[in-house]
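Asker: no letters, just coordinates:
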């Protein structure tokens, strides 16, 4: 890594804190490690981070509260929760508070490193796109902030918030398969569980908007058993 990527690690168990910090440093990350939520928030305000690793059970202020407070100021930095509780309620709570991923203790350090790498890579990609408030597919332009699609004849088509969010997710991950699970987390936030058919219908709508030939799509693909993919052919 030419410029060291910065990780804020919040964990109150000494042995785990030391092990995670050491392993991340061996991978080339610069790690600022703290042991409680209040210190974490103070450090987060003072420094810039590419990722936050956050234990749920912390003294004084739990990880959910820390995550919620970070999300009030910063919706972009990836947050990875560590928890001793392997319950779906805990996982859903974490995702609703704004976490990007979840790892249950005890975990394999190699898996942690892999997940950290994926989250950081994804956030760096979205940093590149963050300044882009619009994206052009063929002769049509999507405007993410105003939820609009400008067609090649100049006609403006309004997009729903969900359509815009799903388009943005697929474009941010262009040329990569995005799983239904990731779409559920990012676009629906687990509040509502749409069926596979619902997501398929969104893809069919995108094909109507963008594909020259809907039966032979070049941009929006369904990948059986995996998910969906946007291909940038330029």
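Answerer: Thanks, I have the structure now. Bear in mind that the values here come from a model prediction, so they are computed numbers and not experimental data.

Asker: any idea how far the most centrally placed residue in the chain is from residue 174?
Answerer: Nearest to the geometric centre of the chain sits residue 100, at 5.3 Å (Cα atoms, centre = their mean). Distance, residue 100 to residue 174, by Cβ to Cβ, to the nearest Å: 19 Å. Any C-beta I mention is one placed from the backbone N, CA and C, and that applies to glycine too.

Asker: point me to the residue sitting farthest from the middle of the chain.
Answerer: Distance from the C-alpha centroid of the chain peaks at residue 153, with 34.0 Å (Cα atoms, centre = their mean).

Asker: what are the buried residues along stretch 155-175?
Answerer: Within stretch 155-175, the residues that count as buried by 16 or more other Cβ atoms under 10 Å are 159, 162-173.

Asker: sorry, slip of the keys, the one I care about is stretch 55-63.
Answerer: 55-56, 58, 63.

Asker: and those, which of them are in strands?
Answerer: Counted as lying in strands by DSSP state E, out of the buried residues of stretch 55-63, are residue 55.

Asker: quick one: low-confidence ranges for the chain?
Answerer: In the predicted model of the chain, residues 1-3, 86-87, 125-132, 189-194, 196, 234 satisfy pLDDT under 70.

Asker: show me the helices in it, by range?
Answerer: 14-26, 37-46, 63-73, 88-97, 109-130, 161-172, 180-183, 196-210 (DSSP state H).

Asker: now the fourth one: buried residues?
Answerer: Along helix 88-97, these residues count as buried under the neighbour rule (16+ other Cβ under 10 Å): 90-91, 93-95, 97.

Asker: could you list the domains of the chain?
Answerer: Following the TED database, the chain resolves into domains at 6-128, 134-230.

Asker: looking at those, which is buried most?
Answerer: Mean neighbours per residue, mean count of other Cβ atoms under 10 Å, is largest over the domains of the chain for domain 6-128, with a mean of 17.

Asker: and it, how far out from the chain middle?
Answerer: 13 Å (Cα atoms, centre = their mean, to the nearest Å).

Asker: same thing with stretch 177-187?
Answerer: With Cα atoms, centre = their mean as the basis, stretch 177-187 stands 9 Å off its chain's centre.

Asker: end-to-end on it?
Answerer: 16 Å (Cα to Cα, to the nearest Å).

Asker: check stretch 51-59 too.
Answerer: Using Cα to Cα, first and last residues of stretch 51-59 are 21 Å apart.

Asker: and for stretch 187-198?
Answerer: Distance across stretch 187-198, first residue to last, is 12 Å (Cα to Cα).
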